[in-house]
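Peer 1: any chance you could fold what I've pasted below:
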Amino acid sequence: MRSNYRYLNLVTAIFTTCLVIANIIAVKLVDIFRLIVPAAVVIFPISYIFGDVLTEVYGYARARQVIWVGFSCNLLAVVAIWVAGLLPAAGFWNGQAAYEQILGYTWRLLAASFAAYLVGEFLNSLVLAKLKIATRGRWLWLRTIGSTLIGEGADSLVFISLAFLGSVPQDQMLRLIVTQWLFKSGYEVAATPLTYAVVNFLKRVENEDHYDYHTDFSPFKLSE
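Peer 2: Below you'll find the model as predicted:
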């Protein structure tokens, strides 16, 4: 496995930053074209775009490593925020309630978020890698959009089901799943020209266009 890529660290940093930011701002619900969705939808789909870039250019094994890096950084951020909330506030500081309201998490929501992330990201990367072989590297748009439809669909299904089962009526849960899935997938479609530009640039400067013919696709193997 090559180790002298020029932009892999930058792509990893953008991917991870999007995940951490999305986890923080997801507490706010926004109304976009009469669709009620978490504010995280404005940045979380970018992680899927860069997940596509990682798999398309550097291959599934590299993408797998970055997915676990993103998971670890997200977990670290959550633990740090939780510990900071437990620390005694200064006597003159009156923001504890606001801190807990905005940055406080329920463990059920966190578990749902982490599970959905792993399932969605690994499915997205796996499907793209397999489609690249099946299409012999043609039709990048088919790979990016197709993998996102499956990955984002799984992400939305797992998160909404684990987070709200038993507390939200089933018809409303289905509406939440479909709404998030369509919004995030639409984001990917709209960003297809950007994905093409980034992929073509990286393939040229990195001199890399990986095909996963002999890759072990286990999500738990951290080395090639």
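Peer 1: wait, Val119 touches Ser156, no?
Peer 2: No - taking contacts as C-beta atoms under 8 Å, Val119 lies outside contact range of Ser156: 10.4 Å. Every residue, glycine included, has its C-beta placed from N, CA and C.
Peer 1: more crowded one of the two?
Peer 2: Applying other C-beta atoms under 10 Å to Val119 and Ser156 shows that Ser156 carries more neighbours, namely 22 against 17.
Peer 1: so the more buried one versus Pro88, what's the distance?
Peer 2: 39 Å (C-beta to C-beta, to the nearest Å).
Peer 1: swap in Leu131?
Peer 2: To Pro88, Leu131 is 53 Å away according to C-beta to C-beta.
Peer 1: those two: which is more packed in?
Peer 2: Leu131 (19 against 6).
Peer 1: for that one, give me its contacts.
Peer 2: Leu142, Arg143, Gly146, Ser147 (C-beta atoms under 8 Å, 6 or more residues apart in numbering).
Peer 1: which one (most neighbours) among those residues?
Peer 2: If you count neighbours using other C-beta under 10 Å, the busiest of those is Ser147, which has 26 neighbours.
Peer 1: tell me the contacts of it?
Peer 2: Shown in contact with Ser147 (C-beta under 8 Å, 6+ apart): Asp52, Thr55, Leu123, Asn124, Ser125, Val127, Leu128, Leu131.
Peer 1: nearest to Arg138 among these?
Peer 2: Nearest to Arg138 out of the contacts of Ser147 is Leu131 (C-beta to C-beta; 10.0 Å).
Peer 1: name the helix or strand for the closest one, please.
Peer 2: In this structure, Leu131 sits in helix 107-134 according to DSSP states H and E.
Peer 1: now that helix: buried residues?
Peer 2: For helix 107-134, burial by neighbour count (16 or more other C-beta atoms under 10 Å) applies to 110, 112-132.
Peer 1: go on, stretch 215-224?
Peer 2: Buried residues in stretch 215-224 (16+ other C-beta under 10 Å): Thr215, Pro219.
Peer 1: over to stretch 173-190?
Peer 2: Neighbour-count burial for stretch 173-190 [16+ other C-beta under 10 Å]: Met173, Leu176, Ile177, Thr179, Gln180, Trp181, Phe183, Lys184, Ser185, Tyr187, Glu188.
Peer 1: figure out how far it is from the centre of its chain.
Peer 2: Here stretch 173-190 is found 14 Å from its chain centre; the criterion is C-alpha atoms, centre = their mean, to the nearest Å.
Peer 1: CA-only coordinates of that stretch in PDB, if you can.
Peer 2: Extracted in PDB, the C-alpha atoms of stretch 173-190 (Å, rounded to 0.1, in the frame of the first residue of the first chain):
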ATOM      1  CA  MET A 173     -40.900   7.300  11.300                       C
ATOM      2  CA  LEU A 174     -41.200   6.200   7.600                       C
ATOM      3  CA  ARG A 175     -41.700   9.800   6.600                       C
ATOM      4  CA  LEU A 176     -38.600  10.800   8.500                       C
ATOM      5  CA  ILE A 177     -36.500   8.000   6.900                       C
ATOM      6  CA  VAL A 178     -37.700   8.800   3.400                       C
ATOM      7  CA  THR A 179     -37.300  12.600   3.900                       C
ATOM      8  CA  GLN A 180     -33.700  12.300   5.100                       C
ATOM      9  CA  TRP A 181     -32.800   9.700   2.500                       C
ATOM     10  CA  LEU A 182     -34.100  11.800  -0.400                       C
ATOM     11  CA  PHE A 183     -32.600  15.000   0.800                       C
ATOM     12  CA  LYS A 184     -29.200  13.600   1.300                       C
ATOM     13  CA  SER A 185     -29.300  11.700  -2.000                       C
ATOM     14  CA  GLY A 186     -30.400  14.800  -3.800                       C
ATOM     15  CA  TYR A 187     -27.500  16.600  -2.300                       C
ATOM     16  CA  GLU A 188     -25.100  14.000  -3.800                       C
ATOM     17  CA  VAL A 189     -26.800  14.300  -7.200                       C
ATOM     18  CA  ALA A 190     -26.400  18.100  -7.100                       C
END
